[in-house]
Structure formats: structure tokens, C-alpha cells
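> heads up, no residue letters with this:
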């Protein structure tokens, strides 16, 4: 797995498969605009909610990819440099946030 | 609770608090654009993931509002008209989709 | 769909498919005991976590069945009796709790 | 953070805070028995569902603890031994399962 951490001014991280991620995020942005249009046009509730489910799936997919990149890259690197505990604490914090288990 | 179903050509539903919903959806769209910019600018993975958690929360919030409107409006109306079984089956389908328990 | 509400001393509700639900709950109880045994026997973390995922699925399945029974029975009944708003508020409260969106 | 991997015949892992985990699992087992009793005694649907939410929370809590132990222990160890990629792939698989994003 490619190392995703390229330290620069501040912690810069070039995501593996960056263009694909950007492409998926652009698509999600379009889907959100689509839902806004549906509500604006008084579309049936269930149709809107079905679209929302699709968006949630797409976002979770992007999140999983970023989490995977982060674990393989930044976390593995930190462990090799002897800073693993803090990196794993941070990873767990992110996992809990994504699962909706903590506030903020 | 206001009845949210206003039958028109096809099933048109004017959401209670429509402007507030549109406003929240516009904000979410902006947040997605923000994440895209973060990935494009090679921001640290954990910062992006933290923002994604915020977006997921915001989307879930909108979904819950729509679900509530739908239940109080369309579902209650269908039950009063003797079409409750189908409406509740549909409601349960939506609840399962939103919880990620079914495909599509 | 059968009406699941049989009012008695206090709000008594005989679940449709009660025996099947009890059977599934007994199985889940066994699965939890299984996990306890795995941790006690120092089994590999990932094996325990995989079993936990299976239990979460099984519990969600029972929850969805109960929610469905409740919506088709108690909620529909309340709406027909003109007490729909309170019943739907309660339903939404339960849906939010099950999705982990509220405390308590 | 304590290393949680103690290799023995097969991959044996003594969980940090093992007794506390066992205690929580025993409590969860009791809660499941409690729900079974509630359904058997025809308790109100919403009361049963509220208890199920509590059980889901408790299970998620145990899962997060095990995941954290695993990451700090087994995963960090694997990375230091140069077997990080496989360990992180496995970690991600577990995270996805726990979030309900994959089957099995």
C-alpha cells in the first residue's frame, strides 16, 4: 500500500486515488443538490428519503476509503516512528465519530 | 401536527418547515463542497473525516425531520383512509433503508 | 396485518409471531454467552468482533420486527382512535433511539 | 498502552481489562434475558424497544473497547513486525462489519 503521508508545511496528505475521491465527492454534491430540488418541488417524502439513503451510502463509502488510506498510511507510519499510541487513539476517535457514538 | 399531504397532479407533498429544510440542505451541499476542497488541498485525513462525521449528522437530522413529517402527514392520512397497511409497510422500508439494513 | 394491541391491566401487547421472537431472543442470549466464553478463553480479537457483528445484526432484526408490529398494531390503532400525533411522536422517538441518535 | 498479544498455541489474546469486559458481557446477557421476559410477558412494544436500544449501546461499547485493544495491541505489533498491511486490511474489514456495511 502506498504511503499517503507527504509531510509539508503543516500536515499535508495526498490521498491515494485522489482524483477518484474528488470525482465521488462531486457526485455526492450533485446528489445533495438533487434532494434540495426534490424538496423544493414538493416531491413525495419517500422518494426524497430513498435518495437520502443513497447519499448516506455514498458518503460512508468515501469515509471508509479515507479511513483505509489513513490507517495504511499515516497510522502505520506513526507506529513505525514509535508514535503509535497517539495515532491509534486518534484513529479510534475517528471510528467512533463516524459511527455516531460521540458528539462533535 | 400539520397535515403534510396536499394531493395534486401526482403525489405532491409540501413539507412543513420547507424553507428551513431547504436552508439545511443548502448548508449540507456547502459542507460537501468544503470536503472536496479539503481533499483537493491535501488536508490531513482526520480533519476530512471529522468534517464527514458532521455532514452525516446533518443529513441524518434532515432525514429524521422528513420521516417525522411523513409519518405525521402521509402515513396518518393513509391510515385514516383505510390504506394503513401499505403506508406502514412503506414507512418500515424507508426506516430500514435509512439504517443501512437493506440494499437500494 | 393483525392488530397487536390487546388492552388489559396496563398496556399489554401480545406480539404477532411471539414464539418466533422468543426463539430468536434465546438464540441471541446464547450468542452473547458465546462471546463471553471467547473473551474468557483469550480468543483472537477479530474472531470476537466478528461474532459481535453477527449479534448486532440479529438484534437489529428483532428490533425491526418489533417496530413493524408496533407500527401496524398500536400506532395504526391509535391513529384510528384519534390519538395519532402522540403515537407517531413516540414512534419517532423509538426510531431515533434505535439509530443511536438520542441519549437514554 | 499494554500489548494485548500473547502468542500461544494458536493466536491467543488476553484482553486488557479482561475481567471488566467479562462483567459487561455478563450484564448484557442479563439484559437480553430481560427482553425475552418482557416479550414473554406481553410488555408494551416501546418499552421493549427502549431496552433493545440500551443493549445495542452496551454491545457497541464492548465492541469499541475490543477494537481499541486490538488496534493498540495486535495491529501495532504486526506493523512493527513488518506485517502491517494485512493487519490493517483486517482492521478495516472489522470496522466495516461493525458498521453493518458488509455481509457476514
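All right, it came through fine. Owing to the predicted nature of the structure, the values given are computational and were not obtained by experimental measurement. Numbering: from 1, shown residues only, chains lettered A, B, ... in the order given.
> By average pLDDT, which secondary structure element in chain A comes out worst?
Of all the helices and strands that make up chain A, the one with the lowest confidence by mean pLDDT, DSSP states H and E is helix A:76-80; it has a mean of 90.
> Just the buried positions in that one, please.
Of the residues in helix A:76-80, those buried under the neighbour-count criterion (16 or more other Cβ atoms under 10 Å in any protein chain shown) are A:76, A:77, A:78, A:79. In this view, the C-beta of every residue, glycine as well, is placed from N, C-alpha and C.
> Show me what residue of chain A gets nearest to chain C.
As assessed by Cβ to the nearest Cβ, chain C sits closest to residue A:100 within chain A, at 5.4 Å.
> Look up the pLDDT of that residue for me, please.
Predicted confidence (pLDDT) at residue A:100: the value is 79.
> For it, which non-adjacent residue is spatially closest?
In space, and not counting its chain neighbours, residue A:100 is closest to residue C:100: 5.4 Å by Cβ to Cβ, 6 or more residues apart in numbering or on different chains.
> Give me the contacts around the helix or strand where residue A:93 lies.
In this assignment (DSSP states H and E), residue A:93 forms part of helix A:84-98. Contacts made with helix A:84-98 from outside it, assessed by Cβ atoms under 8 Å, 6 or more residues apart in numbering or on different chains, are listed as A:63, A:67, A:70-71, A:74-75, A:78-79, A:102, A:104, B:46, B:49-50, B:52-53, B:56, D:1, D:64, D:67-68, D:71-72, D:75-76, D:79, D:95, D:99.
> relative orientation of that helix and helix D:84-98 in degrees?
In this structure, helix A:84-98 runs at an angle of 30 degrees to helix D:84-98, with axes from the mean of the first three to the mean of the last three Cα atoms, to 10 degrees as the basis.
> in helix A:84-98, what's buried?
When burial is assessed from 16+ other Cβ under 10 Å, helix A:84-98 yields the following buried residues: A:84, A:87, A:88, A:90, A:91, A:92, A:94, A:95, A:96, A:97, A:98.
> where along chain A do the helices fall?
A:18-40, A:45-70, A:76-80, A:84-98 (DSSP state H).
> At the geometric centre of chain A, which residue sits there?
To find the centre residue of chain A, average its C-alpha atoms and take the closest one (Cα atoms, centre = their mean): that gives residue A:63, at 2.5 Å.
> what's near enough to touch the residue lying closest to that residue once chain neighbours are set aside?
Across the structure, with Cβ to Cβ, 6+ apart as the measure, the residue nearest residue A:63 apart from its sequence neighbours is residue B:52 (4.9 Å). If a contact means Cβ under 8 Å, 6+ apart, then residue B:52 has A:59, A:62, A:63, A:66, A:98, B:35 as its contacts.
> So what's the predicted local confidence for residue B:52?
Reading off the confidence values, residue B:52 has pLDDT 97.
> can you list the weak-confidence ranges in chain A?
Judged against pLDDT under 70, the low-scoring parts of chain A cover residues A:1-10, A:101-104.
> switch the cut-off to 80
Within chain A, the ranges that satisfy pLDDT under 80 run A:1-11, A:100-104.
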